[in-house]
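Participant: quick one: sequence plus predicted model below, questions after.
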Amino acid sequence: MVLDIKDLRIHYQTRKGMVKAVDGVSFQLKEKETLGLVGESGSGKSTLGFGILKLLPKTSKLSGEILFGESKENLVQKSEKEMRKLRGKDISMIFQDPMTSLNPIMKVKDHFVETIKTHIPDIEEEKAEEMAKKALEAVGIDPVRINDYPFQFSGGMRQRVMIALALVLNPKLVIADEPTTSLDVIVQAQILELLKDLKKRFNMSMILITHDLGVVAEMADRIAVMYAGHLVELAESEKIYYEPKHPYTKALLESIPNTNINDLELRYIPGSPPDLVNPPKGCRFAPRCPFAKKICFEKEPPTVEVDGSIVKCWLYKGDENGDG
Ligand SMILES: Nc1ncnc2c1ncn2[C@@H]1O[C@H](COP(=O)(O)OP(=O)(O)OP(=O)(O)O)[C@@H](O)[C@H]1O
Ligand SMILES: [Mg+2]
């Protein structure tokens, strides 16, 4: 197992109160697995992704357990110094916009040398450059371009550079947060294909964050659906598509624009996500749920297993005095 996350909570302190962005999330990530993380804007996907690397603002509060790797070290307990040793080496992150994470006045080469030297301080510059060139080749970039600056690349190529940088030290886990959202569809498809190929070659696990269910369908072994800081469903990708259990998952699937020319009506989920400072006390989706019962507004639903899917919903737990 690569990750075992237990009851993770990430709250942000704001003037209006605590924003409960991730609120009691538990799941496991297996070796070489790709887990798609989906949900509407503001559901807590990025917070969860950054939280695993503890790249959070000082105003945040983190609790629960993030057990990483075979040794099951709890990252929640680790110091910033210890986390720095891990980031980029054992766990890497790929962001939506590579321009914000690449330094515009640093050559591509220097980005690599810096990353590599952080983890292998005694490495000779030539050896580091060799590693960088190999990584660039792996993502389809001519290694001679190692002396170019980020702005000399197109958006798609910059994302390739970012990916090469994330993979250069062969991490066990890569967290990709909307890695293709800022790219046009054709480049998007190429980058996804590349990620798929690299994942196999480098034997890594991946958490792929996206609001695009089409993207995860292509890529993910399992899909986790987040709603308002809760994980509401987790199952194998096919199960999510063909046998969704949670009403929110069903609504998300129905909101995918249909390519059928006779059905161009864009559906959306009526209502809006709740305020995460004062979320509803029962199920957070209840106010928008067509199947909501009385208990859904009163008590937080338990997380149960139904035909191999993990679901947080009262529909699958009729007895309100049940023990979960
Ligand atoms: N630094 C912060 N301080 C306070 N609140 C924050 C902070 N960062 C995020 N939030 C809030 O936490 C919640 C979750 O945000 P997050 O960015 O994790 O969502 P997301 O699912 O990644 O959304 P998107 O699809 O738009 O990227 C939102 O309500 C957001 O406003
Ligand atoms: Mg996000």
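Facilitator: Yep, it's here. Ligands and ions are numbered 1, 2, ... in the order given.
Participant: please identify the residue of the stretch 51-200 of the chain positioned nearest to ligand 1.
Facilitator: Nearest residue of the stretch 51-200 of the chain to ligand 1, counting by C-beta to the nearest ligand atom: residue 57, 4.7 Å away. C-beta: built from backbone N, CA, C; applies to glycine.
Participant: equivalent analysis for the stretch 101-250 of the chain, please.
Facilitator: Of the stretch 101-250 of the chain, the residue with the smallest distance to ligand 1, taken as C-beta to the nearest ligand atom, is residue 211 at 5.0 Å.
Participant: contacting residues for that residue?
Facilitator: Applying C-beta atoms under 8 Å, 6 or more residues apart in numbering to residue 211 gives the contacts 38, 39, 40, 41, 45, 178.
Participant: again, only this time at 7 Å
Facilitator: Residue 211 sits next to 38, 40, 41 when contact means C-beta atoms under 7 Å, 6 or more residues apart in numbering.
Participant: between those, which sits nearest residue 82?
Facilitator: Distance to residue 82 across those (C-beta to C-beta) is lowest for residue 38, with 30.8 Å.
Participant: can you pull the contacts of that closest one?
Facilitator: Contact analysis of residue 38 by C-beta under 7 Å, 6+ apart lists 210, 211, 213, 216, 223, 225.
Participant: got it, and residue 147?
Facilitator: Residue 147 neighbours (C-beta under 7 Å, 6+ apart): 107, 109.
Participant: ok so, going back, between the contacts of residue 38, which has the most around it?
Facilitator: residue 225 (28 neighbours; other C-beta atoms under 10 Å).
Participant: wait, is that residue part of a strand?
Facilitator: Yes. Judged by DSSP: H, G, I helix; E, B strand; the rest coil, residue 225 forms part of a strand.
Participant: now for it: which residues touch it?
Facilitator: 38, 39, 232, 233, 246, 248, 249, 252.
Participant: in JSON lines: the contacts of residue 211, plus pLDDT, secondary structure and distance to residue 130.
Facilitator: Below are the contacts of residue 211 laid out as JSON lines (pLDDT from 0 to 100; DSSP: H, G, I helix; E, B strand; the rest coil; distance: C-beta to C-beta, whole Å):
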{"residue": "38", "pLDDT": "96", "secondary structure": "strand", "distance to residue 130": "38"}
{"residue": "40", "pLDDT": "91", "secondary structure": "coil", "distance to residue 130": "44"}
{"residue": "41", "pLDDT": "91", "secondary structure": "coil", "distance to residue 130": "42"}
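Participant: residue 133: neighbour count?
Facilitator: Number of residues near residue 133 (other C-beta under 10 Å) recorded here: 19.
Participant: that one touches residue 143, doesn't it?
Facilitator: Yes. Counting by C-beta atoms under 7 Å, residue 143 is a contact partner of residue 133 at 3.8 Å.
Participant: restrict the contacts of residue 211 to those near ligand 1?
Facilitator: residue 41 (C-beta under 6 Å from any ligand atom).
Participant: quick check: chain neighbours aside, which residue is closest to residue 56?
Facilitator: Sequence neighbours aside, residue 50 is the residue nearest to residue 56 in space, at 5.9 Å (criterion: C-beta to C-beta, 6 or more residues apart in numbering).
Participant: do I have it right that that neighbour meets residue 60?
Facilitator: No. Counting by C-beta under 7 Å, residue 50 sits too far from residue 60 to count as a contact (9.2 Å).
Participant: which stretches in the stretch 101-250 of the chain count as strands?
Facilitator: Secondary structure of the stretch 101-250 of the chain (DSSP state E, counting those that start in this stretch): strands at 173-177, 205-209, 222-227, 230-236.
Participant: before we move on, back to that, closest one of the contacts of residue 38 to residue 29?
Facilitator: Nearest to residue 29 among the contacts of residue 38: residue 223, at 12.5 Å, using C-beta to C-beta.
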